[in-house]
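> Following is a predicted model, sequence given first.
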Amino acid sequence: MVGGGAREHTLVWKLAQSPKVKEVYAAPGNAGTAQIARNLDTDPSNIEGLAKVARGKGIELVVIGPEALLAEGIVDRFQSIGIPTFGPTKGATQIESSKAFARGLMQKYGIPCPRSVSFSEYSQAKEYVKQQTPPIVIKADGLAAGKGVTVAETIPQALEALVNIMELKTLGAAGDRVVIEEYLSGKEMSSFVFTDSKTVVPMVSACDYKRIYDEDKGANSGGMGSYSPPHFYTPELGKAVTETIMKPAIKAMEKEKRLYHGVLYGGLMITNEGPRVLEFNARFGDPETQVILPRLKTDLVDILLAVINGSLDQIDVEWSEDACVGVVMASGGYPGSYKTGFPITGLDSLDKDIMVFHAGTKVGAEPGQVLTSGGRVLSVVATASTLAEAREKVYANIARIHFEGCHYRKDIALIKEGVG
Ligand code: AMP
Ligand code: GLY
């Protein structure tokens, strides 16, 4: 398992449950993965270094968490030396790594999405923006770790975002091109499928919370919590997503000679006219994975191998009916600057069925000690027969966990009419 966040801990946890798995290695992992896997102290951004370790240890299945490695071509490289690796190739990862490519694909193949235009010249982008009616959405083309999107309420705000991205290059080469698009309103939902490029198997859907404070106030973060299923989910909506978005997208990638193997993640806006794609990602979501995999009943290893081998049509993927809620505990100051190295207490006082997936944690010097080491520290997760019960369980247990400066949202999976 390559990566070190709570998404990766969740994947390690699920992989380790498979009777087919002897041992899981995490690169670099965290204090949570250290309890169920072996953490490797290889530089997780060095593809050749990772390849060497994978070969040396005879690793038979590699799973990639973060998009940056996919975009760099880790899957192409590992497959070329015979290491079975879960995730799309570099060419197929363009569906996430270039928003202009993704929008071009959606337009060419009629996949429902907002109206959008790409520009690589600042002066042309500026002229276009001036003719629009706000709100309007400005996106840097490349990977920007969640910082590339501005929903501008006014034209001056949109122009400021353009200057930052294209002239001041605040996001580096990710801002060589911009995509300017129509603002859509509705409810946001994250949908995921497994695909071996022929068969498309939907996962359960989830909602995530990006803003740092309750009621969606404050700065954008890497994700402060999630829940599954969305309170507005219906089987008809699921069917519309699979039939009008996911299957056509996988087919489109085949037509473009970018065969897609792995997880396709649609960040969707559910509008009055139906689901629309805000973005595609080429990987599992974080923090959605933390509330999706606990609902998976099928052996994850069987699914991942079938995706790699092109035999996904042979697998029956089953999900539990349970609701699942996950709340992220973050360091004080995050997503701005924050201090680390604080001991985390209370992890041994939780109810037995509570899951704690680690992100920014490391093993401390004293026996059993866990220290904070990042912005997002833990995802605390519970399942129950209703969202309300799962939510109650999570918050009752979170109250027992402490570290200095700890911050979390209190409104994850709190369903209010007209919000979310
Ligand atoms: P993205 O990274 O493209 O998913 O965008 C980040 C966030 O910006 C999304 O979760 C939405 O809340 C918002 N967003 C992106 N595109 C649009 C759009 N066309 N209309 C409304 N909101 C959007
Ligand atoms: N949940 C947002 C992401 O994984 O990109």
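Thanks, I have the structure now. Ligands and ions are numbered 1, 2, ... in the order given.

> next one: phi and psi at the residue nearest to residue 158 when sequence neighbours are not counted?
Nearest residue to residue 158, sequence neighbours excluded (C-beta to C-beta, 6 or more residues apart in numbering): residue 152, at 3.6 Å. Using the backbone N, CA and C atoms, a C-beta is placed for each residue, glycine as well. Note on residue 152: its backbone torsions stand at phi -90, psi 130 [degrees, to the nearest 10].

> is it true that residue 152 touches residue 139?
No. Counting by C-beta atoms under 8 Å, residue 152 sits too far from residue 139 to count as a contact (11.0 Å).

> Between the two, which is the more surrounded one?
Taking neighbours as other C-beta atoms under 10 Å, residue 152 and residue 139 compare with residue 139 leading, 26 against 21.

> What's opposite that one in the beta bridge?
Judged by DSSP bridges, the bridge partners of residue 139 are residue 149, residue 179.

> I'd say it and residue 100 touch.
No. Using C-beta under 8 Å, residue 139 makes no contact with residue 100, being 9.1 Å away.

> what do the two both touch?
Taking C-beta atoms under 8 Å, 6 or more residues apart in numbering as the criterion, residue 139 and residue 100 both touch residue 179.

> Which residue is it, in the stretch 201-350 of the chain, that comes closest to ligand 2?
Among all residues of the stretch 201-350 of the chain, residue 285 sits closest to ligand 2, at 3.6 Å; criterion: C-beta to the nearest ligand atom.

> State the number of residues packed around that residue.
Around residue 285 there are 23 residues (other C-beta under 10 Å).

> Spit out the contact partners of it.
Counting by C-beta under 8 Å, 6+ apart, residue 285 has contacts 7, 190, 192, 206, 208, 223, 226, 265, 292.

> phi, psi of the fifth one?
If I follow you right, that is residue 208. phi -120, psi 160.

> and if you look at the second one?
Phi and psi for residue 190, reported as degrees, to the nearest 10, are phi -100, psi 120.

> Test of understanding: give the bridge partners of it.
Applying DSSP bridges, one finds that residue 190 bridges with residue 206, residue 267.

> Was I right to think residue 398 contacts residue 380?
Yes. The pair residue 398 / residue 380 is scored as a contact, 5.2 Å apart, by C-beta under 8 Å.

> shared neighbours of the two, anything?
With C-beta under 8 Å, 6+ apart as the test, residue 398 and residue 380 both reach 327, 329.

> between the two, who's got more neighbours?
residue 380 (27 against 22).
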